[in-house]
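Participant: fold the following for me, if possible:
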Amino acid sequence: MDTPVTLRQLRYFVATAETGKIQLAAEKVHMSPSAVAEAVKNLEDILQAKLFDRHRSGVSLTYDGHRFLDNARSILRRANDSIFSFQNKTQNIEGKLRIGASVTVLSYLLAGPLNQFERIYPGIDIELIEDSRVHLEKQLEDQNIDLAFIITSNLSSQRGLKVQSLFRSERTLWCSENHRFSAFSSVSIKEIEKERIILLTLDEAEQNVIQIWRRYGCKPNIKLRTESVEAIRNFVAREHGVALLSDLLYRPWSVDGTRILSRPVEEPIPSMNLGIVWQDRHQYIALTCFINFLKQELLRKSHPLHLA
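Facilitator: Take a look at the predicted model:
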């Protein structure tokens, strides 16, 4: 590769992927839309790959764009980590943290930020515990863990706890690219009710979706209940049914590369809110560092990925 890729090009590419529109990406990086569009086009030329499909309403990631996104984010994270660590002497901070997390958080959200945190704070040792939200709340109460990273929208009680929501993920309709919903810009609950439903049972997902059906007086035709998100992707892609799931879990392709589409729901439905919870009565330096890091890392991601 004769022409080097620049950090600026990567930032503009990531901003465009996260917003789905050149105009919004330009506002996010405080540059003109033409500068962002040119940087993205130059990046595609360097990589010799099409990263976005352009359409009237904006842009969406191609398969190559989706693959490259993780690499771009990783490079930007490492650059930011190096600067932050050098400026703040973080290598001198020591301690131990016991962090509990639900399976959804561990699978889709925590691995990247945790890897980044451990590079910045090499002296802080982290022990991870996977458990359900209910059990993690009890672990916090018994002081067996320092912090829980869970679905905060389902918290049973906040007594004596500090709660910081960090990430909101909207629930959308998933369907195959050949499904009738592929021609819809949005889908109503009553239309979804007519379809066979693939239902996720993992991490309280089933009870949350069932509550949505009840709210609108619907009786869904449930074809499959499963704990496997991958199974849902495959069944949806193969036109066995549709699913109503969080955008956090969405990927535009199944394992075998079959396209999956995401469509917004017309009626207002609850989002999935993820965040951190810790005891109000004690907070020490290692915990403070981790809380502040997660706030900085996740709250700045104000736009969901535009993948459909």
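Participant: ok, now which ones touch the residue most central in space within the chain?
Facilitator: Centroid-nearest residue in the chain, with Cα atoms, centre = their mean: Leu248, separated by 3.7 Å. Residues counted as contacts of Leu248 (Cβ atoms under 8 Å, 6 or more residues apart in numbering) are Thr104, Tyr108, Leu109, Phe167, Ser169, Met272, Leu274. For the C-beta atoms, the positions are set from N, CA and C on the backbone; glycine is no exception.
Participant: so which of those residues comes closest to Ile197?
Facilitator: Met272 (17.6 Å; Cβ to Cβ).
Participant: bridged to that closest one, which residues?
Facilitator: Judged by DSSP bridges, the bridge partners of Met272 are Ser169.
Participant: residues contacting it?
Facilitator: Each residue near Met272 by Cβ under 8 Å, 6+ apart is listed here: Ile151, Ser153, Arg168, Ser169, Glu170, Arg171, Asn208, Ser246, Leu248.
Participant: repeat for Arg98
Facilitator: By Cβ under 8 Å, 6+ apart, the residues touching Arg98 are Glu127, Ile129, Asn144, Ile145, Asp146, Leu147.
Participant: is there a quick PyMOL command that grabs whichever of those are buried?
Facilitator: The PyMOL command for the buried members of the contacts of Arg98 (criterion: 16 or more other Cβ atoms under 10 Å) is given here:
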select buried, resi 145+146+147
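Participant: and the helices in the chain?
Facilitator: Under the criterion DSSP state H, the chain contains helices at 7-19, 22-29, 33-47, 63-88, 103-108, 111-120, 133-141, 189-193, 205-215, 229-237, 285-299.
Participant: list the buried ones in the fifth one?
Facilitator: Going back to what we said before, that points to helix 103-108. The neighbour-count check on helix 103-108 (16+ other Cβ under 10 Å) flags Thr104, Val105, Leu106, Ser107, Tyr108 as buried.
Participant: would you check that Asp64 makes contact with Leu51?
Facilitator: Yes. In this structure, Asp64 is within contact of Leu51 by Cβ atoms under 8 Å, at 6.1 Å.
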